[in-house]
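K.L.:
pasting the structure only:
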């Protein structure tokens, strides 16, 4: 196969529930406390917890780095295993 030479990569990041201020606002709008949602996450998420913002940021940093230079067309799910259950 000939080298097309586009050198374009396209990956996507799919975060799960993450403990942020915006997440708190969403929960409050639905009448759910963060503590109640944490308990729910224990039963619905294989890792049994919500993500911390730094965990999502590290995934984005990886995709933007040279460490992922041979990676394209990938969906990086940072959802604690929710999609795999």
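P.N.:
Nice, I can see it. Every value quoted in this text rests on a predicted model; they were computed, and no experiment measured them.

K.L.:
mind listing what the closest residue to residue 85 other than its chain neighbours touches?
P.N.:
Sequence neighbours aside, residue 46 is the residue nearest to residue 85 in space, at 5.7 Å (criterion: C-beta to C-beta, 6 or more residues apart in numbering). In this view, the C-beta of every residue, glycine as well, is placed from N, C-alpha and C. By C-beta atoms under 8 Å, 6 or more residues apart in numbering, the contact set of residue 46 is 80-82, 84-85.

K.L.:
swap in 7 Å and give it another go.
P.N.:
Neighbouring residues of residue 46 by C-beta atoms under 7 Å, 6 or more residues apart in numbering: 80-81, 85.

K.L.:
just these: which are in helices?
P.N.:
Taking DSSP state H, every one of those sits outside helices.

K.L.:
let's check: the centremost residue of the chain is which one?
P.N.:
Ranked by distance to the mean C-alpha position of the chain (C-alpha atoms, centre = their mean), the top residue is residue 15 at 2.0 Å.

K.L.:
ok, residue 40 to residue 75 distance?
P.N.:
24 Å (C-beta to C-beta, to the nearest Å).

K.L.:
neighbour count winner among those two?
P.N.:
Using other C-beta atoms under 10 Å, the more surrounded residue of residue 40 and residue 75 is residue 40, with 13 against 9.

K.L.:
coming back round to it: quick check: phi and psi on the residue nearest to residue 85?
P.N.:
Here is the backbone geometry of residue 46 (degrees, to the nearest 10): phi -50, psi -30.

K.L.:
tell me the pLDDT at it?
P.N.:
Looking at residue 46, its pLDDT is 93.

K.L.:
repeat that for residue 1.
P.N.:
Looking at residue 1, its pLDDT is 59.

K.L.:
what about this protein, any weak spots by pLDDT?
P.N.:
Counting by pLDDT under 70, the ranges of the chain that qualify are 1-2.

K.L.:
just to revisit the earlier point, and the gap between the residue nearest to the centre of the chain and residue 8?
P.N.:
Residue 15 sits 23 Å away from residue 8, going by C-beta to C-beta.

K.L.:
which residues in this structure form helices?
P.N.:
21-29, 34-44, 53-64.
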